[in-house]
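**Student:** no sequence for this one, just the structure:
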């Protein structure tokens, strides 16, 4: 199955604002939206994003999220959209670095896929890398299967598309 990742332009602006607030430290949050399938294409549509939360920890090479904030935001968004939109993944930054996933990022993708039964045991991660003035985006999708025991199984790598 082919997959695409769509990000609303207003969400991109929010992500860049969150990034700017703590640059050159890492930051992140969660992605909210929905998935749909047609003609053997799965579309991941990101319509909102939550920022790091007040209790998040920002470091030069690591970000620790405020999980309670993210759970609250995901529930709020789900109810606000009448259950049509929900948690679909995570996002974080690699300031002055590449948008490629680290080993820790790949382990997180695996763990998130394993517990994302509402997404068919798939997980999405968006990484924003690059210099302060030039953000670069990478989207990664991982599928978990109970028959596959290798944690570092290859994830799909996509360039997200933006829409208004």
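**Tutor:** Happy to help now that I have it. The structure presented is a predicted model; accordingly, all values stated were derived computationally and were not measured.
**Student:** surely residue 136 and residue 97 touch.
**Tutor:** No: contact criterion Cβ atoms under 8 Å: residue 136 and residue 97 do not qualify, at 9.4 Å. Yep, even glycine has a C-beta here, placed from its N, CA and C like the rest.
**Student:** give the buried residues for the helix or strand of the chain with the lowest mean pLDDT.
**Tutor:** Lowest by mean pLDDT, DSSP states H and E among the helices and strands of the chain is strand 156-158, with a mean of 76. Applying a neighbour-count criterion of 16 or more other Cβ atoms under 10 Å, one finds residue 158 buried in strand 156-158.
**Student:** is residue 43 bridged to anything, and to what?
**Tutor:** Per DSSP bridges, the residues bridged to residue 43 are residue 4, residue 36.
**Student:** and it, what is it in contact with?
**Tutor:** Contact partners of residue 43, counting by Cβ atoms under 8 Å, 6 or more residues apart in numbering, are 3-4, 6, 35-37.
**Student:** can you do 10 Å?
**Tutor:** Contacts for residue 43 (Cβ atoms under 10 Å, 6 or more residues apart in numbering) come out as 2-6, 33-37, 161.
**Student:** now do residue 123
**Tutor:** 88-90, 108-116, 140-144, 155.
**Student:** cutoff 6 Å now
**Tutor:** By Cβ atoms under 6 Å, 6 or more residues apart in numbering, residue 123 lies in contact with 109, 112-113, 116, 142.
**Student:** next one: residue 9
**Tutor:** Taking Cβ under 6 Å, 6+ apart, one finds 162, 164 in contact with residue 9.
**Student:** distance of it relative to residue 161?
**Tutor:** Applying Cβ to Cβ, to the nearest Å, the value for residue 9 to residue 161 is 11 Å.
**Student:** do residue 56 as well
**Tutor:** In terms of Cβ to Cβ, residue 56 sits 28 Å off from residue 161.
**Student:** and for residue 48?
**Tutor:** Applying Cβ to Cβ, the value for residue 48 to residue 161 is 17 Å.
**Student:** could you do residue 67 as well?
**Tutor:** Distance of residue 67 to residue 161, computed by Cβ to Cβ: 29 Å.
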